[in-house]
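>>> Next one to model:
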Amino acid sequence: GIRDSSTSRGLGDVYKRQIYYVIMAGILWSMIGIGIRMIESANVWQILLYRSLSLVIFLFIVLIITTKKNPFILIYQSKTPVFIAAIGLFIAYSGGIYAVQNTSVANAMLLFASAPLITSILGYYFLKEKVSLHTLLSILIAFSGIILMFLDSFGNNSINGSISGIISAFGFSIFTVSLRWGKQNNMLPSVFLSGLLAIFLTIIICKFQNVNLILTKNDAIFALFLGVFQVGLGLILYTIGSKTVPAAELTLLSLCEVLLAPLWVWLFLGESASKLTFIGGFILLIAITFNSLISIMTVSYTHLRAHET
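I've put the predicted structure just below:
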């Protein structure tokens, strides 16, 4: 009836809006290359510590405003998906920063781009989320672009940076699947918890490695800035988007990060990106755009049919 069609249309509007949220998250995350390159001497654990400090303070304020509850109480009341998501996100953080520090931004991003494939497998196995035909086709198109980027950087990348990039992608896939698993609950506490976990572990690692906890003014400013604007806002948008957007599609849409990160460092810092990298990035853009348009058109058509009936 009328109520069914209006409800369907309302859900469709939410789905479309959340697709845009996820794409915006990818754009924010793509700033990581510039942020890390602007840091002069801090190592991976120092950056992660300061970035996590600002992330935790930012999320604490956001959770207080949106839930009117103490974030520590929210964590105490949380279910299993929140804790698994937090661990996955910590793995993604650590691997991501290490990869960007130890290989080119283009190569690090291309390795992060394995996340949609990993996520589609995990989502299907653990959540029984079937991957739509157009999303599967988009993943294959994206991979052809990624292969071009890989061929371009093959042989000149650090093996440690490459392994870290893949580990980061796996951690991000765990985070995404956990968000979908706990979609009926508020999953933002998982981002807050991941920041707390990162602070606790990075302090221990820095002490164990005799690394100074005090950064230079420049490094501290950029690391703190990354925690709020590059990671924090992006994760809030991505977590909201996970309520309705399927797991494989979430990571595919967030590949804007992979597409834009080498572009930003090329435009603003002059870090070279070759013709193959740009061609691969253009193919990646086609894959993301194709998936987004088909998803939105499919939802719009479904709601039109529902309205007619």
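
>>> Secondary structure element for Thr244, which one?
Under DSSP states H and E, no helix or strand contains Thr244.

>>> neighbours of the spatially closest residue to it that is not a sequence neighbour, just the number please.
By the measure of CB to CB, 6 or more residues apart in numbering, the closest residue to Thr244 outside its immediate chain neighbours is Tyr15, 4.8 Å from it. C-beta coordinates here come from the backbone N, C-alpha and C atoms, glycine included. Summarising burial for Tyr15: neighbours were counted as other CB atoms under 10 Å, giving 20.

>>> Relative to Thr239, how far out is Tyr15?
Tyr15 sits at a distance of 15 Å from Thr239 (criterion: CB to CB, to the nearest Å).

>>> what do you get for Ala248?
As defined by CB to CB, Ala248 lies at a distance of 17 Å from Thr239.

>>> ok, now Leu122?
Going from Leu122 to Thr239 by CB to CB gives 17 Å.

>>> same thing with Ile121?
Distance check for Ile121 against Thr239: by CB to CB, it reads 22 Å.

>>> Which of the two has more residues huddled nearby?
For Ile121 and Thr239, the more surrounded residue by other CB under 10 Å is Thr239, and the numbers stand at 23 against 15.

>>> Okay, and that one sits in which element?
Going by DSSP H and E, Thr239 is in helix 233-241.

>>> can you list the residues that contact that helix?
Contacts of helix 233-241 with the rest of the structure, by CB atoms under 8 Å, 6 or more residues apart in numbering, involve 18-19, 21-22, 24-26, 28-29, 55, 59, 62, 89, 179, 187-188, 190-191, 250, 253-254.

>>> Going by neighbour count, which of these are buried?
18-19, 21-22, 24-26, 28-29, 55, 59, 62, 89, 179, 187-188, 190-191, 250, 253-254 (16 or more other CB atoms under 10 Å).

>>> Could you report the pLDDT at Gly10?
The predicted structure scores Gly10 at 60 on the pLDDT scale.

>>> I'd like to know the average pLDDT value across the strand or helix carrying Phe278.
Assigned by DSSP H and E, Phe278 belongs to helix 275-308. Per-residue confidence for helix 275-308 averages out to 76 on the pLDDT scale.

>>> just checking, what packs against that helix?
For helix 275-308, the helices and strands in contact under the criterion 3 or more CB pairs under 8 Å, 6 or more residues apart in numbering; DSSP states H and E are helix 2-29, helix 133-153, helix 247-253, helix 256-269.

>>> State the mean pLDDT of the third one.
Read it as helix 247-253. 86.

>>> Pull the residues that contact that helix.
Contacts made with helix 247-253 from outside it, assessed by CB under 8 Å, 6+ apart, are listed as 19, 22-23, 26, 115-116, 118-120, 122-123, 127, 129, 131-132, 135-136, 138-139, 142, 172-173, 176-177, 179-180, 238, 241-242, 245, 287-288, 291-292, 295.

>>> Any chance of a ChimeraX selection covering the buried ones in those residues?
When burial is assessed using 16+ other CB under 10 Å, the buried subset of the contacts of helix 247-253 is captured in ChimeraX by this command:
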select :19,22,23,26,115,116,118,119,120,122,123,129,131,132,135,136,138,139,142,172,173,176,177,179,180,238,241,242,245,287,288,291,292,295
